[in-house]
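Enquirer: Next come a sequence and a model predicted from it.
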Amino acid sequence: MGSLNTVIVESACVIANEIGAHALFVYADAIQDYPIPSGMLDATDIILITHSESRTEPSAEVSATLRLPPIPLTRMGQIKLAVVMALSEGHVTEGDKIVCLTGSSVFGSLDCIVVLDIGKERELLISTNVSAIAGNIPSAVFEALLNLAVELASQGREGKPVGATFVLGDHDKVMQFSRQTIFNPFQGYPAEERNLLNPQLRETLKEFSALDGAFVIREDGEVTSAGRHLNAALESTVDLPQGLGSRHVAAAGITSVTEAVAIVISESTGDVRIFKDGAIFMEIEKPSRLTVSPLTS
Ligand SMILES: Nc1ncnc2c1ncn2[C@@H]1O[C@H](COP(=O)(O)OP(=O)(O)OP(=O)(O)O)[C@@H](O)[C@H]1O
């Protein structure tokens, strides 16, 4: 590890010890070798973040490895995705302090230390009800959908931006508050072929993202329908930022009357928003193609 990386890692460990951080998130792709020498942290979990499917660390001190989708993300985007995954997997919870160490995989350097208090930092999580994000939804299903949405938002489809709404969980109630607007393209296929955890389904979902309306997905990842119009009206729009149109209002509405999570890709901006309990839980901004190198800035 280079000397600057070493100084940054040591500084992050000092900060983590000083504030009693619950976890230290380290963007592992910015460094070749395992970053934290044994014994540097008093009582802080180490959580690695990587784009790599295969990277594993030879250390018993690593509590978890979180895998980001293979697309460019800003440093804050890396942190946001990692935090929401860590919340869904139960590695962190509301009230925890965390230290995040990110940087550039292109230059092989760590260059950014961010200290966050989960639940208080509005730039990170907009919602106040932080711990309940995934509810009964298995973290693997939630993360598969989130990664798909972030990937689709970043890449678009056939050179064009894509907008889409995915409603995950509380299936029967979501169906009550929605109606089919077109022929359901998933009807008649075996459940295992329609499951989000089936890698072959990812391309199908990307293809169908051009359809009007929302995808509806069961807790276990089974996609039951596409092209659903969401009927639930949002009782109050006070918490929604101005400029968000009917797609976002519909996602807020359905999550206000059900236990579902909605993930929305904005066609106009490429931003991804997670909705829960009628409000935006987190926004992941699309990185500018002009300022971001392959994989990470
Ligand atoms: N109630 C609804 N249920 C499901 N899908 C909806 C609903 N309302 C709108 N949409 C979808 O959102 C699309 C775009 O709507 P609109 O541009 O008003 O939304 P928006 O929130 O501004 O989204 P974007 O940022 O993607 O433009 C519609 O073509 C439709 O596919």
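Expert: Looks like it came in fine.
Enquirer: isn't there a strand covering Met175?
Expert: No: the secondary structure assignment for Met175 gives helix rather than a strand, going by DSSP: H, G, I helix; E, B strand; the rest coil.
Enquirer: Look up how far Arg202 lies from it.
Expert: Distance check for Met175 against Arg202: by C-beta to C-beta, to the nearest Å, it reads 23 Å. All C-beta atoms are positioned from the backbone trio N, CA, C, and that covers glycine.
Enquirer: In the protein, where is pLDDT below threshold?
Expert: Counting by pLDDT under 70, the chain contains low-confidence ranges at 1-2, 34-35, 55-60, 121-134, 234-239, 287-297.
Enquirer: List, one by one, the residues from it near the ligand.
Expert: Counting by C-beta under 6 Å from any ligand atom, the chain comes close to the ligand at 163, 165, 212-214, 229-230, 244-248, 250, 266-268.
Enquirer: Which residue ranges of the chain form helices?
Expert: If you assign secondary structure with DSSP state H, the helices in the chain sit at 3-19, 75-89, 139-155, 171-176, 199-208, 246-257.
Enquirer: May I see these arranged in CSV, with distance to Leu41 as well?
Expert: Putting those into CSV (distance: least, C-beta to C-beta, whole Å) gives the following:
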stretch, distance to Leu41
helix 3-19, 6
helix 75-89, 17
helix 139-155, 24
helix 171-176, 42
helix 199-208, 36
helix 246-257, 37
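Enquirer: so can I have TSV of these showing mean neighbour count?
Expert: Shown next, in TSV, are the helices of the chain (neighbours: other C-beta atoms under 10 Å):
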stretch	mean neighbour count
helix 3-19	17
helix 75-89	23
helix 139-155	21
helix 171-176	16
helix 199-208	15
helix 246-257	23
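Enquirer: For Ser268, list the residues it contacts.
Expert: The neighbours of Ser268, taking C-beta atoms under 8 Å, 6 or more residues apart in numbering as the test, are Pro161, Gly163.
Enquirer: so Phe186 sits right up against Ala226, yeah?
Expert: Yes: under the contact definition of C-beta atoms under 8 Å, Phe186 touches Ala226, with a separation of 6.2 Å.
Enquirer: Pick out whichever of those two has more residues nearby.
Expert: More neighbours surround Ala226 than the other of Phe186 and Ala226, with 27 against 21 (other C-beta atoms under 10 Å).
Enquirer: OK, now which residue of the stretch 101-250 of the chain is nearest to the ligand?
Expert: Gly245 (2.4 Å; C-beta to the nearest ligand atom).
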